[in-house]
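Asker: dropping the sequence and predicted coords here.
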Amino acid sequence: GDSVTQMEGPVTLSEEAFLTINCTYTATGYPSLFWYVQYPGEGLQLLLKATKADDKGSNKGFEATYRKETTSFHLEKGSVQVSDSAVYFCALDGRGGNEKLTFGTGTRLTIIP
Amino acid sequence: DAGITQSPRHKVTETGTPVTLRCHQTENHRYMYWYRQDPGHGLRLIHYSYGVKDTDKGEVSDGYSVSRSKTEDFLLTLESATSSQTSVYFCAISTPDGTDTQYFGPGTRLTVL
């Protein structure tokens, strides 16, 4: 079945550092891929998405490129801020007709000033 | 804002008691979902609904039931709560934009003593 593997956390970086959170997936067909972010005490918010190979999703300075050849969707940001501290989830929709998402286990990111 | 509310936001109950969590949406989306979030597991799908009175099981449905008698409300019931059901529960809806994007409510923190 579908699965998502993402980088173990927690990850701690200094402000203005470069961020990469790795995400790889297993799915049949051509899934849609997502990154969600969860700030403390809140629900998940969609950060970005990509629906086909080589698409790049971007939002709030974050980017991720759908790489079918490596089955990856790594999240990157060039210069992180303290306000980026959150838990980040990679997810896929296997397009099985029921619109169910499969999530990774989440990566907790802490940015220190 | 996808117009999703959850109630209650926090609940403490005792083992063996029934518990019902409510998810309410204001925009008549067809698909609704219940997830639980636990450390080390990310989000796991409990049940989902694809219309009034149309529901199906997710990967962790044992011990849970759902009902959807109106488009806007999706209820999750724990018939006899157990300590293993202590978790944060999230409701989500799926928007009909062709990309299977899900939007989440604020969550309900349930503690079963």
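Answerer: Nice, I can see it.

Asker: do a quick rundown of the strands in chain A.
Answerer: A:3-6, A:11-14, A:19-21, A:23-26, A:32-38, A:44-50, A:56-59, A:62-65, A:75-77, A:86-93, A:101-103, A:107-112 (DSSP state E).

Asker: could you point out which of those sits nearest B:S61?
Answerer: Closest approach to B:S61 among those is made by strand A:101-103 (15.4 Å; Cβ to Cβ). All C-beta atoms are positioned from the backbone trio N, CA, C, and that covers glycine.

Asker: helices or strands up against that closest one?
Answerer: Contact analysis of strand A:101-103 by 3 or more Cβ pairs under 8 Å, 6 or more residues apart in numbering or on different chains; DSSP states H and E lists strand A:3-6, strand A:86-93, strand B:42-51 as its packing neighbours.

Asker: which of these sits most buried?
Answerer: strand A:86-93 (a mean of 24; mean count of other Cβ atoms under 10 Å in any protein chain shown).

Asker: that one packs against which elements?
Answerer: strand A:3-6, strand A:23-26, strand A:32-38, strand A:101-103, strand A:107-112.

Asker: please write out the alpha-carbon positions of the second one in PDB.
Answerer: Read that as strand A:23-26. In PDB, the C-alpha atoms belonging to strand A:23-26 read as follows (Å, rounded to 0.1, in the frame of the first residue of the first chain):
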ATOM      1  CA  CYS A  23      10.300  13.000   2.300                       C
ATOM      2  CA  THR A  24      10.100   9.800   0.100                       C
ATOM      3  CA  TYR A  25       7.100   7.900  -0.800                       C
ATOM      4  CA  THR A  26       5.800   4.600  -2.100                       C
END
